[in-house]
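J.: Turn this into a structure:
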Amino acid sequence: FERTKPMSLAQLFRSSPLGCVGMFLLGGVFSAQFGMSAVFGSQIGLSLSKISLFVAAFYIGAMIFQYPIGWMSDRMDRRLLILLISASSAGGSVFAYFAGDYFFALVFAAFLVGGLSNPLYSLIIAHANDFIEYEDMASAAAGLLFVNGIGAISGPLIIGYAMNAFGPEIFFVIIFLLMSTLAAYAGYRMTQRATVSDTSVYAAVLPNSTGVAVEIAQEYAFEIANEDDEKSDA
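T.: Residues are numbered from 1 along each chain as shown. So this is what the prediction gives:
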């Protein structure tokens, strides 16, 4: 970004409450998926090879679902899409909970939960940018990453304690609670603010992307969108 302005977390929250709340909740979800899923697999008695496949399913789902969700993001109210995806991911967590230690069902659930929840990272950044000036986007991206990091720090501590106290089954229960909260809050925000007509572009980034990578992806997406607009006007 050639022009940037500082933005405090309070300003960021006023501009996009759903962006801040969503990134915090997703931090907990991602830290559970990528930090505690192997612990979950070990506690339910999976072999090393099965744990590897189980963890990989989260990443494979994220890779496959990223672009279809990005395509939908540019064609509908992003808050509704966040609600639907979060609710579906919560449903996948319920499926995983009742799957018990049935391995192939767990792998499918991990594929579904990972595939639906990971694109929310890019989707929530795009939604936040809908209400932020271009000059503020770099600062906003840094703020959102900071909030996500706080959630990521909190996630393993809470999940680790809960799994120790209540058993490994609580792993998917916590993911269900986080995703259900996000879905409910997205629905609430739909009643508080009108849909924007001029939305920002969707830049596909992964949750483990650095702040610099997020900014570069956003700027590149904006340049491509501007080039497409110029071609259509020509």
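
J.: Touching stretch 183-194 from outside, list them.
T.: By C-beta atoms under 8 Å, 6 or more residues apart in numbering, the residues outside stretch 183-194 that reach it are 17-18, 21-22, 77, 79-80, 82-84, 86-87, 90. From N, CA and C alone the C-beta is placed, and that goes for glycine too.

J.: Farthest pair within those residues?
T.: Greatest spacing in the contacts of stretch 183-194, by C-beta to C-beta: P17 and A90 (20.2 Å).

J.: and the lengthiest helix in the chain, what does it pack onto?
T.: Across the chain, the helix with the greatest residue count (assigned by DSSP state H) is helix 137-166. In terms of contacts (3 or more C-beta pairs under 8 Å, 6 or more residues apart in numbering; DSSP states H and E), helix 137-166 is packed against helix 9-15, helix 17-31, helix 37-43, helix 119-129, helix 170-190, helix 211-233.

J.: now the ones you listed in TSV, with distance to I64?
T.: Shown next, in TSV, are the helices and strands packed on helix 137-166 (distance: least, C-beta to C-beta, whole Å):
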stretch	distance to I64
helix 9-15	31
helix 17-31	17
helix 37-43	18
helix 119-129	10
helix 170-190	19
helix 211-233	19
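
J.: Quick check: which of those helices is nearest to G155?
T.: Judged by C-beta to C-beta, the one of those that comes nearest to G155 is helix 17-31, at 3.3 Å.

J.: Tell me the first helix or strand C-terminal of the helix or strand hosting S93.
T.: Following DSSP states H and E, one finds S93 within helix 78-99. Using DSSP H and E, the next helix or strand after helix 78-99 towards the C-terminus is helix 103-117.
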